[in-house]
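> Take a look and give me a structure for this.
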Amino acid sequence: MKINNNHYYCVIGIGNHADSKLIPSLEKSGKKIIGLVSRSNNSYIRKYKRYRNIDQAIINLPKNTVFVVSTPPNTHYYFIKKLLKKNKNLIIEKPIFTSLNQIKSCKKFYFSKNNTTFIKEAFMYRYTLMYKKSISFIKKEFNKIETIMCNFVLPSNPPNSFRDQKTLDSSCLYDIGSYIFDFFVSLDVKISSLDIVEANFYNSKLLNLSFSFKLGHIKVYSKIGIGNKYTNSLITKTFSGKEIEFSNFFYGRSSKKIIKNISENTKFVFYDKNSFTKMFRENDKMKCLYKPREYYKLYKINKILLELSNKLSY
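Numbers count the residues shown, from 1 in each chain. Down below sits the predicted model:
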């Protein structure tokens with residue numbers, strides 16, 4: 001395998017996600033991992049140079065190291081400030097921010113600066129054919145679409161992760177809701193009339209959430225969180241009653257994808273490649289030409305998440 005030496009890589013936070021997805025994808029994409037920031041002593045990571053904290057890694061690793069942050073969402077901003085002040089490049093698990101104040105602060109020392117340092121949010125689904133096909137379809141058929149149902153429901157959360165915490169920024173609202181609004185904000189159509197349909201808590205922890213909003217004239221319904229069965233799909237319905245389903249929708253690993261015409265009982269099946277690997281392969285081509293646009297998008301997404309947080313806190 002040919003190694004791309006434009007950048008080296010260091011992964012911060014070695015949990016199940018980093019172990020099973022990020023590290024294997026970095027290696028498969030030909031990237032060279034030269035360090036991990038972790039206090040874990042598990043045997044599977046002993047082949048990598050390990051640092052107990054981020055300061056040690058910054059001092060000892062080359063200047064062209066990209067830091068991949070795979071820690072709980074409420075810690076992301078700490079690493080963003082620390083690394084950007086050292087002019088380091090970052091790839092950060094979603095959601096990259098959990099408050100509007102974080103984004104505003106970051107505007108001062110990143111989004112408003114003309115430099116080559118980049119932050120990339122690790123939304124792997126953006127690199128899939130399903131994403132491209134769904135975006136193209138909705139834009140083309142927008143005036144004909146009456147409703148969209150976009151659900152992302154899991155039978156359970158991974159054990160021993162930040163999702164066990166009871167705060168909203170560690171709940172399905174930010175963990176899964178960030179997917180929903182990242183997609184719809186990408187369509188660049190006004191979002192309005194945000195409303196909570198149903199919210200279920202268990203031991204003060206948000207279990208699942210149903211909400212609705214308008215995308216221009218289109219009424220959008222969504223359910224996220226823990227449910228009876230796995231659901232990961234987007235269904236559009238036109239004024240004439242035609243229904244098109246996209247599934248699996250928010251998914252980064254290689255898998256079979258289906259675009260189903262529910263009304264006519266037909267379907268188009270194709271296979272999406274591993275978008276984790278694709279994102280890392282494309283990383284060295286990253287240019288910082290769209291900072292104002294990215295700032296606006298992140299601000300808009302977090303403003304929506306904050307509005308839902310406030311509604312849940314009433």
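> can you pull the buried residues of stretch 206-214?
206, 208-211, 213 (16 or more other Cβ atoms under 10 Å). Every residue, glycine included, has its C-beta placed from N, CA and C.
> Is there a neighbour count for the nearest residue to Lys139 once chain neighbours are set aside? I'd like the number.
Spatial nearest neighbour of Lys139, excluding adjacent residues (Cβ to Cβ, 6 or more residues apart in numbering): Leu187 at 6.9 Å. Using other Cβ atoms under 10 Å, Leu187 is surrounded by 16 other residues.
> re the thing from before, which one of the buried residues of stretch 206-214 is nearest to Thr238?
Checking the buried residues of stretch 206-214 against Thr238 by Cβ to Cβ gives Phe213 as the nearest, at 19.0 Å.
> Which strand or helix spans that closest one?
Using DSSP states H and E, the element containing Phe213 is strand 205-215.
> other SSEs contacting that strand?
Here strand 205-215 touches helix 172-175, helix 177-186, strand 191-202, strand 218-226, helix 291-313, going by 3 or more Cβ pairs under 8 Å, 6 or more residues apart in numbering; DSSP states H and E.
> tell me the mean pLDDT for stretch 156-166?
Looking at stretch 156-166 alone, the average pLDDT works out to 72.
> An error on my part: the question was meant for stretch 36-56.
83.
> chain center to it, what's the gap?
25 Å (Cα atoms, centre = their mean, to the nearest Å).
> mind listing what's buried in that stretch?
Quick answer for stretch 36-56 (16+ other Cβ under 10 Å): 36-38, 45, 48, 50-51, 54.
> what about the helices in the protein?
Assigned by DSSP state H, the helices in the chain fall at 16-17, 23-28, 54-60, 76-84, 100-106, 129-141, 172-175, 177-186, 275-282, 291-313.
> CA atoms only for stretch 131-146, dumped as CSV, please.
What follows is stretch 131-146, C-alpha atoms only, in CSV (Å, rounded to 0.1, in the frame of the first residue of the first chain):
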residue,chain,number,x,y,z
TYR,A,131,-25.9,11.4,0.1
LYS,A,132,-25.3,12.7,-3.4
LYS,A,133,-28.3,10.9,-4.9
SER,A,134,-30.7,12.1,-2.2
ILE,A,135,-29.5,15.8,-2.4
SER,A,136,-29.8,15.7,-6.2
PHE,A,137,-33.3,14.1,-6.0
ILE,A,138,-34.7,16.6,-3.4
LYS,A,139,-33.4,19.6,-5.2
LYS,A,140,-34.8,18.4,-8.5
GLU,A,141,-38.2,17.4,-7.1
PHE,A,142,-38.4,20.0,-4.4
ASN,A,143,-41.6,21.8,-5.6
LYS,A,144,-43.4,18.4,-5.9
ILE,A,145,-42.5,17.2,-2.4
GLU,A,146,-45.2,17.6,0.3
